[in-house]
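Chemist: When you get a sec, could you give me coordinates for this:
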Amino acid sequence: MDLIRKPEESLAEVKRCIETHGSKAEHNLSYFLIGGEGAGEPVFLKGESGYGALAVYYSGANEAFIISEPLAPEEEQLNVLHDAVDTLFKEMAVDKVVVEQDDAARSRTGILISGNGYRRLRPRYSLYWPVFDLREWDGDSLQGESWKKLRNIRNKFYREHSVKVVDSSTVDKNSLREIVREWVARRKLMSLGANRKDSNFAYAQKYHSLIDRNFDGVKLAKTMVVDGIPSSITAGWEIPNSNGEYYSAVGVYNYRSDGLGEMANLDDLNRLKEAGYTLVDFGGSPMPLLKFKLKFKPHFVYVTHTYAIVKK
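Modeler: All right, here's what the predicted structure looks like:
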């Protein structure tokens, strides 16, 4: 497997691999190029038959994180993952290769690597991914007893504030960065992380990177302006090779107004339903954030586990 340390010099090849074999929420070129969740170095692993894997190298920890599943048909993903792990250990001399998988994929990976000189460590953390089937979701109307609480929040929010929603790309970048800064500060006070596991605050860098890139590679990026102040950012992209599926990757807000978080996310879902998307993945969340997302009544939740692979 070939290791490409400067994927920006092979963009056409990386893009083609994602477009041909991508299938997961985080299979997105822009997300990869900004280093995934954190400020890491993007690395592309080029395999045979046009397959590949997206990874991020973190020099401080000397470890590589493979973004989601490999870019390959499902029946080939395990072999491509094994080749990627081999390549990262041999070519980059990393101490660990970190992967994120559901229970079934993790079990298959454990069987493979155990006979090839590797072992897996216990999961660092688990994430819960709520998914909405917009063909059945009725949160756009908020009718009925089950939606009463959210309906009251909506009515109070729009009664007390002047609200408009604009494309985030039209908003001053410093105003957008201020939303992220306030969001991170408030989540620290609430003992919640900026992303991923609860205690990790470093990953807010991805939001600043998306702002700096003017949301390149993002399908929808919207900002709710409350009483004249840009106050939220919601953004995401279409999941490649899916039947109208979408990943709502970004949902940050400045917490200045009660009900802002609920309304920003509700607005996001409403727009996606109007756009005709079928399934919307609302992103991996630790349990406290999942409880918030459950307010919007997802149709199912899947779980992933992030763990490291090391040499025996």
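Chemist: Looking at this structure, which strand is longest?
Modeler: Identified as the longest strand of the chain according to DSSP state E is strand 300-311.
Chemist: How many neighbouring residues does residue 217 have?
Modeler: 16 (other C-beta atoms under 10 Å). Using the backbone N, CA and C atoms, a C-beta is placed for each residue, glycine as well.
Chemist: contact partners of the longest strand of the chain?
Modeler: 63, 85, 89, 95-103, 106, 109, 113, 117-131, 196, 284, 290 (C-beta atoms under 8 Å, 6 or more residues apart in numbering).
Chemist: Flag every buried residue along it.
Modeler: Neighbour counts over strand 300-311 (16 or more other C-beta atoms under 10 Å) mark 304-309 as buried.
Chemist: Specify which member of the residues you listed is nearest to residue 55.
Modeler: residue 309 (12.4 Å; C-beta to C-beta).
Chemist: separation between the closest one and residue 219?
Modeler: The spacing between residue 309 and residue 219, counted by C-beta to C-beta, to the nearest Å, is 33 Å.
Chemist: hmm, back to that, can you pick out the most distant pair from the buried residues of strand 300-311?
Modeler: Maximum distance among the buried residues of strand 300-311 (C-beta to C-beta): 15.3 Å, for 304 and 309.
Chemist: mind checking how far stretch 176-187 is from the chain centre?
Modeler: Centre-to-centre, stretch 176-187 and its host chain are 18 Å apart (C-alpha atoms, centre = their mean, to the nearest Å).
Chemist: rewinding a little: mark which of the contacts of strand 300-311 are buried, thanks.
Modeler: In these, the ones that pass as buried (16+ other C-beta under 10 Å) are 63, 85, 89, 96-101, 106, 109, 113, 118, 120, 125-131, 196, 284, 290.
Chemist: among the residues you listed, which are in helices?
Modeler: The helices, defined by DSSP state H, take in 85, 89, 106, 109, 113, 290 from the buried ones among the contacts of strand 300-311.
Chemist: Quick check: beta-bridge partners of the nearest residue to the first one once chain neighbours are set aside?
Modeler: With sequence-adjacent residues excluded and distances taken as C-beta to C-beta, 6 or more residues apart in numbering, residue 85 is closest to residue 97, at 5.0 Å. With beta bridges defined as DSSP bridges, residue 97 has these partners: residue 64, residue 309.
Chemist: dump the residue contacts of residue 97.
Modeler: 63-66, 84-85, 88-89, 308-309.
Chemist: now it: how far from residue 10?
Modeler: Counting by C-beta to C-beta - residue 97 and residue 10 are separated by 21 Å.
Chemist: Looks like residue 175 contacts residue 231 (just checking).
Modeler: No: using C-beta atoms under 8 Å, residue 175 is not in contact with residue 231; the gap is 9.3 Å.
Chemist: Specify which residue of those two has the higher count of neighbours.
Modeler: Set residue 175 next to residue 231 and count neighbours by other C-beta under 10 Å: residue 231 wins out with 27 against 15.
Chemist: Please name the residues that touch the more buried one.
Modeler: Per C-beta under 8 Å, 6+ apart, neighbours of residue 231: 179, 223-225, 253-254, 256-257, 260, 264.
Chemist: Can you list the low-confidence ranges for the protein?
Modeler: Within the chain, the ranges that satisfy pLDDT under 70 run 38, 191-203.
Chemist: can you give me the strands in it?
Modeler: 2-4, 41-46, 52-58, 63-66, 96-101, 118-120, 125-133, 163-167, 220-226, 229-230, 232-238, 245-253, 279-281, 300-311.
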